[in-house]
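Enquirer: Task: produce atomic coordinates for the following.
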Amino acid sequence: MTAAETETVRAMIPSALRQLTRGAESVELPARDVRGLLRALDARFPGFSAELGPSFAVSIDGEIIQDPLLEPITPGCEVHFLCAVSGGC
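Expert: Okay, here's the model as predicted:
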């Protein structure tokens, strides 16, 4: 594990939102919780959380979290944004 991996989390971008990330499938960003990760994504890719919408879940290292905004995340983990079937992306 590199120093960058111990200080950041990997955010996996849903295919429906990759136009905002210029095609990036994932990005490494520092964050301690999902809300902070969304702020970091919005700073890097303006409008990301608005496009994601209010109905989303995340998978943190394989565990699906239905109400993720305050969910803590640890450095080195992988966060997958899961879009709702109706609404959101």
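Enquirer: Show me what residue 79 bridges to in the sheet.
Expert: residue 11, residue 60 (DSSP bridges).
Enquirer: Residue 60 and residue 50: what is the separation?
Expert: Using Cβ to Cβ, to the nearest Å, we find residue 60 at a distance of 22 Å from residue 50. (Glycine included, C-beta is placed from N, CA and C.)
Enquirer: quick one: which of those two has more around it?
Expert: Taking other Cβ atoms under 10 Å, residue 60 and residue 50 do not tie; residue 60 has more neighbours (18 against 10).
Enquirer: Tell me where this structure has helices.
Expert: Using DSSP state H, the helices of the chain run over 3-7, 34-44, 48-52.
Enquirer: Hmm, residue 32 is touching residue 73, no?
Expert: Yes: if you go by Cβ atoms under 8 Å, residue 32 and residue 73 touch, sitting 6.6 Å apart.
Enquirer: between the two, who's got more neighbours?
Expert: A count of neighbours by other Cβ under 10 Å puts residue 73 above the other of residue 32 and residue 73, at 21 against 12.
Enquirer: Brilliant, that's me finished.
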